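# fold the following.
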Amino acid sequence: MNVGVGYQWPVARNVMLRTELRGYVTLVNSSGGFLCSGGCTFAIAGDALWQGEAMVGLSVGF
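Residues are numbered from 1 along each chain as shown. Have a look, this model is predicted:
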């Protein structure tokens with residue numbers, strides 16, 4: 001799963017300053033079930049690996 005947010009600020013007519021933040025979550029060592037015999041309807045278990053990144057750059061339109 002990943003979630004991100006970003007924004008652009010105008011610097012000149014065709015130039016924008018861009019910023020972006022992203023966060024990632026990955027399940028590792030996971031196990032799960034779906035409609036298991038014995039009563040579980042939906043279950044997922046595992047360890048989460050969290051990652052993030054931040055970016056800054058220029059965007060030029062022409």
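
# which residues touch the closest residue to N2 other than its chain neighbours?
Nearest residue to N2 in three dimensions, chain neighbours excluded: Y24, at 4.8 Å (Cβ to Cβ, 6 or more residues apart in numbering). (Glycine included, C-beta is placed from N, CA and C.) Y24 is in contact with M1, N2, W50, Q51, G52, counting by Cβ atoms under 8 Å, 6 or more residues apart in numbering.

# which helix or strand contains Y24?
Y24 belongs to strand 15-34 when assigned by DSSP states H and E.

# pLDDT on that strand, on average?
Mean pLDDT, strand 15-34: 85.

# can you mark which positions in it are buried?
When neighbours are counted by 16 or more other Cβ atoms under 10 Å, no buried residue of strand 15-34 is found.

# and if you look at stretch 51-62?
Per 16+ other Cβ under 10 Å, stretch 51-62 contains no buried residues.

# what's that stretch in contact with?
Contacts for stretch 51-62 (Cβ under 8 Å, 6+ apart): 6, 8, 11, 14-26.

# let's see it at 6 Å
When contacts are defined by Cβ atoms under 6 Å, 6 or more residues apart in numbering, stretch 51-62 is touched by residues N14, V15, M16, R18, T19, E20, L21, R22, G23, Y24.

# with stretch 7-21 instead?
With Cβ under 6 Å, 6+ apart, stretch 7-21 has contacts from V5, G6, A54, M55, V56, G57, S59, V60, G61.

# ok so, going back, partners of the strand holding Y24, with directions?
Within its sheet, and counting by DSSP bridges, strand 15-34 is paired with strand 2-12 (antiparallel), strand 42-60 (antiparallel).

# who's the nearest residue to V3 once chain neighbours are set aside bridged to?
In space, and not counting its chain neighbours, V3 is closest to G23: 5.1 Å by Cβ to Cβ, 6+ apart. Per DSSP bridges, the residues bridged to G23 are V3, G52.
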